[in-house]
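Participant: Next input, structure requested:
(one chain, ligands or ions: 2)
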Amino acid sequence: MKDSALLVVDMLYDFIDGSMACKEADKAVAGTLAYIEEETGKTDPDDSGIRSIFPILFVRDHHPANHSSFIPQGGPWPPHCVQGTHGAEVHKALSPYMSEDLCFYKGENQALEQYSAFEGRNPAGQSLGEVLELMEIRNVLICGIATEYCVRNTAEDLLKAGFKVSVLKDCIAYVDYEGHLKALEEMQAEGIRLI
Ligand code: VGL
Ligand code: ZN
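Facilitator: Ligands and ions are numbered 1, 2, ... in the order given. The predicted model follows:
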């Protein structure tokens, strides 16, 4: 579909095999890669045989080293996704599909927790919501980490802003299994599609 985009949320080393390794992260990365390969290989019937351009946007948790969400600062999380570290990098299987202008950074303000990527900003200072509007995207497919936090908050903000939102249920990873199931159930009840 011409007005669809994939949003890859926080598929960063600290959430995959680092300080906040999430459950099913490897499966989520592999599922996302398979999905991207399938979508980018399709041809768009409107483009007379030319490979379709399937926009892929990335969300990146990107904290200063003394972020307020970290345990030493009194927050709930071990230090993670610190700016300039390996843990803050996108998984190398997915980074070939990434362009900097479609990377939206969040959690950069030391004092603020920011689970939703809706107000995340690209290097040009544009917000995710703004860029999706400019690209005339109506339908956002979301995969990534973690179901209960960034995936959920981002999906809900996009839904509130009027986008059609789907979560790729085999391409998400989570902190806690029960929390993951509950989040999926609640998202579905709100009108977010699970596919
Ligand atoms: C996230 C916990 C802390 C997330 C970010 O992106 O889901 N969770 N920072
Ligand atoms: Zn974080």
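
Participant: Just the C-alpha atoms of the longest strand belonging to the chain, please, in PDB.
Facilitator: Secondary structure assigned by DSSP state E gives strand 164-173 as the longest strand of the chain. Provided in PDB are the C-alpha atoms of strand 164-173 (Å, rounded to 0.1, in the frame of the first residue of the first chain):
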ATOM      1  CA  LYS A 164      -4.400   3.400  11.300                       C
ATOM      2  CA  VAL A 165      -2.000   1.400  13.500                       C
ATOM      3  CA  SER A 166      -1.100  -2.300  13.300                       C
ATOM      4  CA  VAL A 167       1.400  -4.200  15.500                       C
ATOM      5  CA  LEU A 168       3.300  -7.100  14.000                       C
ATOM      6  CA  LYS A 169       2.800  -9.600  16.800                       C
ATOM      7  CA  ASP A 170       5.700 -11.900  15.800                       C
ATOM      8  CA  CYS A 171       8.100  -9.000  15.600                       C
ATOM      9  CA  ILE A 172       8.000  -7.600  19.100                       C
ATOM     10  CA  ALA A 173       9.900  -8.300  22.300                       C
END
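
Participant: Let me see the mean pLDDT of the helix or strand just after that strand.
Facilitator: As assigned by DSSP states H and E, the chain's next helix or strand after strand 164-173 is helix 177-190. The predicted model assigns helix 177-190 a mean pLDDT of 98.

Participant: quick check: angle from helix 177-190 to strand 164-173?
Facilitator: 170 degrees (axes from the mean of the first three to the mean of the last three Cα atoms, to 10 degrees).

Participant: Is ligand 1 within reach of helix 177-190?
Facilitator: No. Against ligand 1, helix 177-190 shows no contacts by Cβ under 6 Å from any ligand atom, the least distance being 10.6 Å. All C-beta spots, glycine's among them, are computed from the backbone N, C-alpha and C.
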